[in-house]
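Asks: sequence and predicted structure below; questions after.
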Amino acid sequence: HMLLGQIFETLVVTNHVGEVKPGIAKSWDVKLNEILFHLDESKFFSNGTAVKAKDVVYSINRHLNGKSQSSNLLHTIKEILAVGDYSVLIRVHEKRVSLLSALSREQLGIVPNGWVFDPNSNVPYIGSGDYQLIKQEGSWRLVLQNKSCRRVQEWKLVFGSFKDVLAKKELPTYVPVIFDVDGDNLFGHSRLENFDLKELKSFTQSSAWVLPEKSVDLSVLSILNKYIERLCHKYNHERVTGVIPEGIQGYLPEFVMDKLPAVKKLTQKTTLNISVLSFMYYEVIDESEISKIYDEFNLELKFSSVSIQSLEADISNHHSDIIIARWAGAFNGPEGFMAILSRVLGCSFEIYLGELNHIYSKAKQEENSNLRQIYFMELAEKLITTGLMLPLWSTQIFNLLNKGFKIDQLEARYSPRLIDVILND
C-alpha cells in the first residue's frame, strides 16, 4: 500500500490520527444517506488526462464489483453516480461514520475510466499521485511527475527483506517501514552509522480468531491464552488488549483475559488445530512450550502454516479451528481493524459476529464520539469473553533514512510519502 500511495490519489485522505482531509475531492456535503463530493478540477493523471467524476465511479465500482479486500469496507454503498464532470454522488444503505475514512485507503486510488492493470507494461499504473512507476534499464523506478518540485526526482526500488537489503554492498537511501527485525540489533549497527533510525508508532498487531462454524470451549481458549502469555514473557513481546490498537478509538485500556475460565487440566486429550499465516508462522511456534502445554493441560496445540492466497483451501485441508493473523488495519479507525477481518475469516464480519452484531451496528452508526468509543470498547471486550478471539502482541516498526536527507512534512499521513523526503540543509 505504500507503493500505491506514491502513484495514486484517493477521493479523500486521512492523517495519522484519522482526520479526513481533501484528496481528489476538494470538499463534500453529507446528508442522511448520501455524500456529494466536489472534485478538484486541477487534478490530472500521469497520461495527461483530467481526473473526472466518471473515473471515480469506475475506480470505486472496480472494488465493489470485483470483491477486492477493500470491498469489505464499502458494502454500505448502495450506488455511486457521476453528477456532471466534477461531482460524484454516493448513496448508502445505512449511515456509516467510517465511510469517508475507508475511502482514503491507498488500494482505492483513482484510475482512469476503463483502465486495466497490465503486468507486462513498463508503465503498469496510471494515477494522479506524485510519482509514476516506470521500468527503466531492468529496474523499477518512481519518477516525480512535477519536475519543478524541489523534491527527489527519482527513486530506484530495492526489493527483499531488510536482512537481505542490509547485506547488500550499497545500502538504500530510505526504508520507509521495517518489519520483523529486532530493534536492539538495529540501533548501533556498524553499517547504519550514516543513517537515522527511528521507531514508529505501530498499529500492527496479531490475534487468534475462532473460525466461523467452529466451536472452541472457553476452557480450551484459556489454555491457549496461557501459551500466548508464555511466549510474550519468553520473547519479550508486548501483549495487546484487544482487536483495536492503542491510540485508536475503542482501545481497551486493560486486559480482560482474566475473565476467561481459570486454567485447568482437561479431563481428556484434546487437539486444537491452529492455522497461522505463513509470514508469521515461526513467530508463534515454540516446541518446548507446546510440549509443556500438552503435559500440563492435556491440550495438543497443532499448528499449520497457511497462505493468504489459498486460505480457504488450506484451512479446510488442516481442519482448522483457529486462524492466527497479523495486520495493520485499513485506516486509523476502529472499523479499519475489524471490517478487514472478512478476508481472514471467509465471511463478512457482521455475519461472523452473530449475536454481537447489534453492538457493532450501533458503533458504526453512532456520531457521538464518546458513545462510539463505549460501543467499540464493549464489542472488543465481548469478542474475548464470549470466546471469539484472543489478542496476541504488537509488532515493532522502524524507518531508516540517510543522514543526507530529512523528512519535511506539514502533517503526517497514514502511510509515508516519498514527496516528503528532501535534502538536508
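Replies: Ah, there it is.
Asks: just give the number of residues close to the residue nearest to Y251 when sequence neighbours are not counted.
Replies: Nearest non-adjacent residue to Y251, counting by Cβ to Cβ, 6 or more residues apart in numbering: I244, 5.0 Å away. To be clear about C-beta, it is placed using only N, CA and C from the backbone, and glycine gets the same treatment. By the other Cβ atoms under 10 Å criterion, the neighbourhood of I244 contains 27 residues.
Asks: likewise for the one 3 residues further on?
Replies: Other residues near G247 come to 13 when the count uses other Cβ under 10 Å.
Asks: contacting residues around it?
Replies: Neighbour list for G247: K201, F203 [criterion: Cβ atoms under 8 Å, 6 or more residues apart in numbering].
Asks: just to be sure, it is in a helix?
Replies: No: secondary structure of G247 (DSSP: H, G, I helix; E, B strand; the rest coil): coil, not part of a helix.
Asks: and it, how far from A363?
Replies: Remark: distance between G247 and A363 (Cβ to Cβ, to the nearest Å) = 18 Å.
Asks: kindly report the same for P119.
Replies: P119 is 40 Å from A363, by Cβ to Cβ.
Asks: who's more crowded, those two?
Replies: A363 (25 against 5).
Asks: quick one: that one and F376 touch, right?
Replies: Yes: A363 lies in contact with F376 (Cβ atoms under 8 Å); the separation is 4.9 Å.
Asks: what touches both of those two?
Replies: G250, P334.
Asks: show me where the stretch 1-150 of the chain has helices.
Replies: 2-7, 53-66, 99-102 (DSSP state H, counting those that start in this stretch).
Asks: look up the closest residue to S161, ignoring the ones flanking it.
Replies: Nearest one to S161, counting by Cβ to Cβ, 6+ apart, is D180 at 7.5 Å.
Asks: so for that neighbour, what's the pLDDT?
Replies: Looking at D180, its pLDDT reads 72.
Asks: give me the neighbour count for it.
Replies: D180, neighbours per other Cβ under 10 Å, totals 14.
Asks: now the residue of the chain positioned farthest from its centre: which helix or strand?
Replies: No residue in the chain sits farther from the centre than T267, which is 40.3 Å out by Cα atoms, centre = their mean. Taking DSSP states H and E as the definition, T267 sits outside all helices and strands.
Asks: roughly how far apart are it and N298?
Replies: Applying Cβ to Cβ to T267 and N298 gives a distance of 8 Å.
Asks: likewise for E378?
Replies: 34 Å.
Asks: again with L371
Replies: Taken as Cβ to Cβ, the span from L371 to N298 is 44 Å.
Asks: now the residue nearest to L266 when sequence neighbours are not counted: phi and psi?
Replies: Among residues not flanking L266 along the chain, N298 sits closest, at 4.2 Å (Cβ to Cβ, 6+ apart). Backbone torsions of N298, given as degrees, to the nearest 10, read phi 70, psi 20.
Asks: so what pLDDT did N298 get?
Replies: pLDDT, N298: 98.
Asks: burial of it, as a residue count?
Replies: Neighbours of N298 under the rule other Cβ under 10 Å: 15.
Asks: again with the one 3 residues further on
Replies: Residues contacting L301 under the criterion other Cβ under 10 Å number 23.
Asks: part of a strand, is it?
Replies: Yes: counting by three-state DSSP, L301 is found in a strand.
Asks: oh, and call the first residue 196 from now on, that's how I've got it
Replies: Shifting the count to begin at 196 puts that one at L496.
Asks: what helices or strands is the helix or strand bottoming out on mean pLDDT in the chain leaning on?
Replies: When the helices and strands of the chain are scored by mean pLDDT, DSSP states H and E, helix 378-381 comes last with a mean of 74. Of the remaining helices and strands, none touches helix 378-381 by 3 or more Cβ pairs under 8 Å, 6 or more residues apart in numbering; DSSP states H and E.
Asks: again, only this time at 10 Å
Replies: strand 390-395, strand 592-597 (3 or more Cβ pairs under 10 Å, 6 or more residues apart in numbering; DSSP states H and E).
Asks: please point out which parts of that helix sit buried.
Replies: L381 (16 or more other Cβ atoms under 10 Å).
Asks: kindly export that helix (C-alpha atoms) in PDB.
Replies: What follows is helix 378-381, C-alpha atoms only, in PDB (Å, rounded to 0.1, in the frame of the first residue of the first chain):
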ATOM      1  CA  GLY A 378      15.300  -3.300  17.200                       C
ATOM      2  CA  ASP A 379      18.000  -3.900  19.700                       C
ATOM      3  CA  ASN A 380      20.100  -5.300  16.900                       C
ATOM      4  CA  LEU A 381      19.500  -2.300  14.700                       C
END
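Asks: residues making contact with it?
Replies: By Cβ atoms under 10 Å, 6 or more residues apart in numbering, the residues outside helix 378-381 that reach it are F357, L361, I373, L387, F390, L392, E394, N431, Q591, I592, F593, L595.
Asks: which of those residues are buried?
Replies: Buried among the contacts of helix 378-381 by 16+ other Cβ under 10 Å: F357, L361, I373, F390, L392, Q591, I592, F593, L595.
Asks: how close does the last one get to F354?
Replies: Pointing back at L595 there. For L595, the distance to F354 - Cβ to Cβ - is 16 Å.
Asks: shaky segments in this structure?
Replies: 211-212, 343, 605-609 (pLDDT under 70).
Asks: can you pull the contacts of V338?
Replies: S241, V318, D325, Y326, Q327, L328, I329, Q331, Q348, E349, W350.
Asks: beta-bridge partners for the fifth one, please?
Replies: Listed by DSSP bridges, the beta-bridge partners for Q327 are V338.
Asks: most neighbours out of the contacts of V338, which is it?
Replies: Busiest of the contacts of V338 [other Cβ under 10 Å] is Y326, holding 27 neighbours.
Asks: pretty sure the residue nearest to S356 contacts E478?
Replies: Yes: with contact defined as Cβ atoms under 10 Å, D375 counts as touching E478 (8.1 Å).
Asks: what's the neighbour count on the closest residue to R434 other than its chain neighbours?
Replies: Distances taken as Cβ to Cβ, 6+ apart place C427 nearest to R434, at 4.7 Å, with adjacent residues excluded. The local packing count at C427 equals 15, with neighbours defined by other Cβ under 10 Å.
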